[in-house]
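>>> 3D, please:
(chains A and B)
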Amino acid sequence: MTEDTKFHHGDTVTDLAPIVEMKNIEKHFGNIIALAGVSFDVKPGECHCLLGDNGAGKSTFIKTMSGVHKPTKGEIFFEGKPLHFDTPRDAMEAGIATVFQDLAMIPLMSVTRNFFMGREPTKGKGLLKRFDVDHANDVCMEEMRKMGINLRGPDQAVGTLSGGERQTVAIARAVYFGAKILILDEPTSALGVRQTSNVLATIDKVRNHGIGVVFISHNVRHALAVGDRFTVLNRGKTLGTATRGEITPEQLQDLMAGGQEMAELEGSLGGTV
Amino acid sequence: MSDSAQIAGDERVKKEPFMTKLMKRPELGAMAGVVLVVIFFAITADDSMFTLAGIMNFMTPAAQLGILAIGAALLMIGGEFDLSIGSMVAFAGLFFGVCVVTWQLPLIVAIPMTFVFAGLVGAVNGNIVIRSGLPSFIVTLAFLFILRGLSLVGLKAATGGSTQLRGVRDVVENDWLAPFFSGEAFSSLFSWLAANGMIDTFKSGAPKVPGIPVEILWFVVLALVATYVLLRTPAGNWIFAAGGDSTAASNSGVPVNRIKVSLFMLTACCAALVAIITVIDAGSTDARRGFQKEFEAIIAAVIGGCLLTGGYGSAIGAFFGSIIFGMVVIGLTYTDFDQDWFQVFLGGMLLIAVLFNNAIRKRVTGER
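You can find the predicted model right below:
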């Protein structure tokens, strides 16, 4: 989209309106308060990292964002308008694509069949309406090539791909289907060094298309490698949002670990705590 | 970016030989099985087994089983089981018998009613499985007994104490729809072939094979339609996805529950089709109809390459699996072997098929 949002960080898209804005989201499961007022927004072409330790509520939060859970309290604005999603499908149609940790990929099925799962292109009408396999294969090969992965063939089973390649298929799929927001749930947690850098590079490519990326991680180094803004969750609450350059890896790490050194950090977080 | 090296081609990927590609087809095992069984009977059985009459002889039971097996295969690919299809044959047979004999309905009404009725039972089965989250194995095992019991009770109620309902043939004999569900098709073609000496005839000049039994045509058509749906329609993709990983599928927007319930309804309707064909053929229905067919259908589907865990398999495979089945059941009578070897053979085939499928799956997924 905008030419000036290259790989340099920090001075991104502050002037742009957020695509999604979530205000004071609360989510209760029975008597368990999983989220106790989380606010978060994503702008086009930025990578907003959501950090937090295990059990901080990251997964619950993104599931709220992607329509899997309904918030108990709080508001969601999508492109400025209040909105609520009843099903993941609603969120998907609005342009919020989620790549879950399990990737929503089926190992026994081919890359193409996975790529178009649930959104198969068809040709013909009425009874002759059929899955346009040739078109699907071409699109799939082309999209994967754009992401830097050369498939053996479109009928290659997903089970034969490496973890990083599977991530990339999932991301390419979301981008192809017109995602405005791409939520990545710990995409690098199970990957090796090389594959991690491939995935991070893919995130950068996606961001350059003007797509807002929500990158969930508990690895500070991975987050800092691509993130423009960083929000830390702890025990169901936001500890604050920092812009790139305002915060050091050590400070982020401390925040994630429970915010013991909060006082010191107040200044560097720009008073948003 | 270092990706450019990869784009040029991955040097770690070996070129795939044609044989390996072939090995990845789910139906390959069943095709190889057909070849092996044909060779076996070509050596051991009487020559008359592979005459036209002999082929029709083993294709008829193969077709009756195959109609069930194709339904079972689709359901298995969709990740569920139905152990109640055998009982469903009896139950649908009872319903159909009562429609035509007791209520005197014409076939044009009775047949759609039977399908709707079977579909409803399938929907009940499917909804219980989906809503309770219980394994379909347990739910449909319960229906195996429930439906069999209801068939017995219902037959006794309909006939006043007998477990057999007779008189179907008399009422349907002149129905214009009957030829689609019973007897032989293309009989004029076969007479013509016989008259021209191209097929064997009796002394009277009538052909030894009067036509193709209609169930074989249903079987072939069903196999083709099922294969087309699986491989060339969005619904087919959804069936594979629902069976491969239902959470992943529904996260991707596949209507998993609707697909699974529809598949349960389809299997029940396949059972109803077999019931209609066999009841019209025999002229009566009884409570033992379809006994143990659920196991035979699942075995045929597994021989055909379906994984018990779902998400993989083919309708063509079930087609060949059923033919193997028919050949073995009937073929043994053409040999000097004791007929009861059949069960040993069946179990052996099942075991080999499962081992083979397991190896294939590991190849496909690159599992190490």
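>>> show me where the stretch 151-300 of chain B has strands.
If DSSP state E, counting those that start in this stretch is used as the criterion, the strands of the stretch 151-300 of chain B fall at B:164-165, B:184-185, B:212-213, B:285-286.
>>> ok now do residue B:255, which residues does it touch?
residue B:238 (C-beta atoms under 8 Å, 6 or more residues apart in numbering or on different chains). C-betas here are computed from N, CA, C, even on glycine.
>>> cool, and residue A:163?
A:190, A:191, A:195.
>>> In three-state terms, label residue A:210 for me.
Three-state call for residue A:210 (DSSP: H, G, I helix; E, B strand; the rest coil): coil.
>>> wait, doesn't it sit right on residue A:42?
No - taking C-beta atoms under 8 Å as the definition, residue A:210 is not a contact partner of residue A:42, at 11.9 Å.
>>> between the two, which one's more packed in?
residue A:42 (25 against 17; other C-beta atoms under 10 Å in any protein chain shown).
>>> Once you drop chain neighbours, what's closest to the more buried one?
residue A:212 (3.9 Å; C-beta to C-beta, 6 or more residues apart in numbering or on different chains).
>>> quick one: contacts for the one you found?
So residue A:212 contacts A:18, A:19, A:20, A:42, A:43, A:44, A:45, A:46, A:48, A:180, A:181, A:182 (C-beta under 8 Å, 6+ apart).
>>> Make a PyMOL selection of whichever of these turn out to be buried.
Command for PyMOL that selects the buried part of those, burial taken from 16 or more other C-beta atoms under 10 Å in any protein chain shown:
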select buried, chain A and resi 18+19+20+42+43+44+45+46+48+180+181+182
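>>> on that earlier part again, could I get the strands of the stretch 151-300 of chain B as JSON lines with mean neighbour count?
Below are these laid out as JSON lines (neighbours: other C-beta atoms under 10 Å in any protein chain shown):
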{"stretch": "strand B:164-165", "mean neighbour count": "19"}
{"stretch": "strand B:184-185", "mean neighbour count": "17"}
{"stretch": "strand B:212-213", "mean neighbour count": "20"}
{"stretch": "strand B:285-286", "mean neighbour count": "26"}
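>>> In TSV: these, plus distance to residue A:157.
Listed next are these as TSV, based on distance: least, C-beta to C-beta, whole Å:
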stretch	distance to residue A:157
strand B:164-165	50
strand B:184-185	40
strand B:212-213	38
strand B:285-286	45
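>>> how about those, which one is nearest chain A?
Across the strands of the stretch 151-300 of chain B, chain A has its closest neighbour in strand B:184-185 (23.3 Å, C-beta to the nearest C-beta).
>>> which strands and helices sit next to the closest one?
If you count contacts as 3 or more C-beta pairs under 8 Å, 6 or more residues apart in numbering or on different chains; DSSP states H and E, strand B:184-185 packs onto strand B:212-213, helix B:214-232.
>>> Can I get the strands of the stretch 151-300 of chain B in TSV including mean pLDDT and distance to residue A:160?
Converted to TSV, the strands of the stretch 151-300 of chain B look like this (pLDDT from 0 to 100; distance: least, C-beta to C-beta, whole Å):
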stretch	mean pLDDT	distance to residue A:160
strand B:164-165	88	55
strand B:184-185	86	45
strand B:212-213	92	43
strand B:285-286	90	50
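>>> still on that earlier bit, check what pLDDT the residue nearest to residue A:42 gets.
Looking at residue A:212, its pLDDT reads 92.
>>> From residue A:178, how far out is it?
Distance, residue A:212 to residue A:178, using C-beta to C-beta, to the nearest Å: 13 Å.
>>> And the helices and strands packed on strand B:184-185: which comes nearest chain A?
That would be helix B:214-232 among those, by C-beta to the nearest C-beta, at 4.8 Å.
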